[in-house]
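In: My questions are about this predicted structure, shown below with the sequence.
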Amino acid sequence: MTRNEDKRAAPVIAAMIGDPAGIGPEVTVKTIGSGELDGLCQPLLIGNIASIRAAAKRASLDLKFAVVDTVDDISLVPGTTFVLDPGDLDAASYRTGVPSARAGEAVMNWIGLADRLAGEGRLDGWIMGPIDSTSLKLAGVDNSIDGLQPPGTFMFRMSGQLRVVPLTEHIRLRDVTSTVTQKSVSDLIRLLDRTLRRWGVTVPRIGVAGLNPHAMFEEDLHEIAPAVQATRAEGIDVDGPVSPDSIFRHGLNGRYDAIVSMYHDQGQIALKSAAFEGACTIYLGVPYVRLTVPHGTAMDIAGQNIAQHFSMLSAFRTSAALSAGRGFLA
């Protein structure tokens, strides 16, 4: 029986702690120590136990950790946080606040482990802690966000009631118009509707942003509008194209459960202007719940116990709710 089939158990949500030299271990243990996950899920940390214990000590958190070899070894033990440490990183091989090839290599191993366990149904969801582009580059890894994104997926970003998924990520503005087609827009609307229903949103309300000012030019009229009309005819509650200068305000006011934007910055500017702390990102298109936090490793403040943990807390809470089909938490 997989974790997803055993509905009696609290969902097991794993957090890959991120680069051990950055603030990832700190924000993770602060989230565990907040007590706000009690009864919501069974947390599992994936990464180097030495960095986890060091972060807890700096934060003056009296946490009990238990290192396990497999997910099957964890149980619902009050007051215990389980850690899956593959043993692939020696504490002497990295230094807090300093990127390194060894840390980058370990992080890639931990990402692969979490993805494999989630794909096997042994995790109900997992969160990717902050990774460091320099560490990955030193390890010879494609250090771009796009390079770490699973093929065929989209980045579903949320901050409070504003939830936005763009058609594309990091491409030149001059290339955006060629990606806005009836097929690309309608395919994303359908994927978003299916996924929101799986997450527990009974009848998803989807808004679609126009590309141009006031949604009044060729792409809006000949590509986006027909995609909205076609998917609405299939029974999807979708609206658009809506003028991009107003649709995100509608999202903040709760009119839409999610918004499809036409390119990365169109939605990101709205999200980051509305709020940053507490935001998180979900990978749309994988068969399990996979999230990440929207901030980096902050090597300049690593080890100082001053990092905010609200994005990691939001990621845990969101992952637990969505994996259980309970929709988005208020």
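Out: In hand now; what should we look at? Numbers count the residues shown, from 1 in each chain.

In: all contacts plus neighbour counts: C-alpha atoms, from now on.
Out: Fine.

In: mind listing the helices for this protein?
Out: Shown for the chain, the helices assigned by DSSP state H span residues 24-33, 49-58, 101-119, 133-138, 145-148, 173-179, 182-198, 218-219, 225-233, 247-252, 264-274, 310-323.

In: Just list the residues touching N48, thanks.
Out: N48 makes contact with P20, D85, P86, G87, L89, A91, according to C-alpha atoms under 8 Å, 6 or more residues apart in numbering.

In: Pull out the buried residues from stretch 236-252.
Out: Buried residues in stretch 236-252, counted by 16 or more other C-alpha atoms under 10 Å: 236-244, 247-248, 251-252.

In: Tell me the one among those residues nearest to I269.
Out: Proximity of the buried residues of stretch 236-252 to I269 (C-alpha to C-alpha) peaks at F248, which lies at 9.9 Å.

In: Tell me how far that closest one lies from E234.
Out: The gap separating F248 from E234 is 25 Å, by C-alpha to C-alpha, to the nearest Å.

In: returning to what we had before: mean pLDDT lowest where, among the helices of the chain?
Out: Mean pLDDT values for the helices of the chain show the minimum at helix 145-148, a mean of 66.

In: Tell me how far the nearest residue to A279 once chain neighbours are set aside lies from S311.
Out: Of all residues not flanking A279 in the chain, S159 sits nearest, at 4.5 Å (C-alpha to C-alpha, 6 or more residues apart in numbering). Here the criterion is C-alpha to C-alpha. By it, S159 lies 9 Å from S311.

In: Likewise for K57?
Out: From K57 across to S311, the span is 21 Å (C-alpha to C-alpha).

In: Pairing partners for R157 in the sheet, please.
Out: Beta-bridge partners for R157, by DSSP bridges, are V164, T281.

In: typed the wrong thing, it's L45
Out: A15, V83.

In: what residues are up against it?
Out: Counting by C-alpha under 8 Å, 6+ apart, L45 makes contact with A14, A15, M16, I17, T81, F82, V83, L84.

In: Could you count how many residues lie near the third one?
Out: For M16, the neighbour count with other C-alpha atoms under 10 Å is 28.

In: Distance check, it against W110.
Out: Distance, M16 to W110, by C-alpha to C-alpha: 7 Å.

In: and what of the last one?
Out: For L84, the distance to W110 (C-alpha to C-alpha) stands at 9 Å.

In: what's the overlap in contacts for those two?
Out: Joint contacts of L84 and W110 (C-alpha under 8 Å, 6+ apart) are I46, G47.

In: For A315, which non-adjacent residue is spatially closest?
Out: According to C-alpha to C-alpha, 6+ apart, the nearest residue to A315 is C280 (5.7 Å).

In: That neighbour is in contact with M155, isn't it?
Out: No - the pair C280 / M155 is not scored as a contact, 10.1 Å apart, by C-alpha atoms under 8 Å.

In: Among these two, which residue is more densely surrounded?
Out: Taking neighbours as other C-alpha under 10 Å, C280 and M155 compare with C280 leading, 26 against 21.

In: correct me, but L44 touches L84?
Out: Yes - applying C-alpha under 8 Å, one finds L44 in contact with L84, separated by 7.2 Å.

In: burial of the residue nearest to A279, as a residue count?
Out: 21.

In: go on, S184?
Out: Neighbours of S184 (other C-alpha under 10 Å): 15.

In: Pretty sure it sits against P166.
Out: No - using C-alpha under 8 Å, S184 and P166 do not qualify as a contacting pair, with a distance of 10.9 Å.

In: what about M299, neighbour count?
Out: By other C-alpha under 10 Å, the residues close to M299 number 17.

In: Without its sequence neighbours, what residue ends up closest to it?
Out: Once flanking residues are discounted, M299 sits nearest to G97: 4.4 Å by C-alpha to C-alpha, 6+ apart.

In: For that neighbour, give me its contacts.
Out: When contacts are counted by C-alpha under 8 Å, 6+ apart, G97 touches A21, G22, M299, D300, I301, A302, G303.

In: if we go to 10 Å?
Out: Contact analysis of G97 by C-alpha atoms under 10 Å, 6 or more residues apart in numbering lists 19-23, 297-304.

In: Write a PyMOL command that selects only the buried members of these.
Out: Applying 16+ other C-alpha under 10 Å to those, the buried members can be selected in PyMOL as follows:
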select buried, resi 19+20+21+22+23+297+298+299+302+303
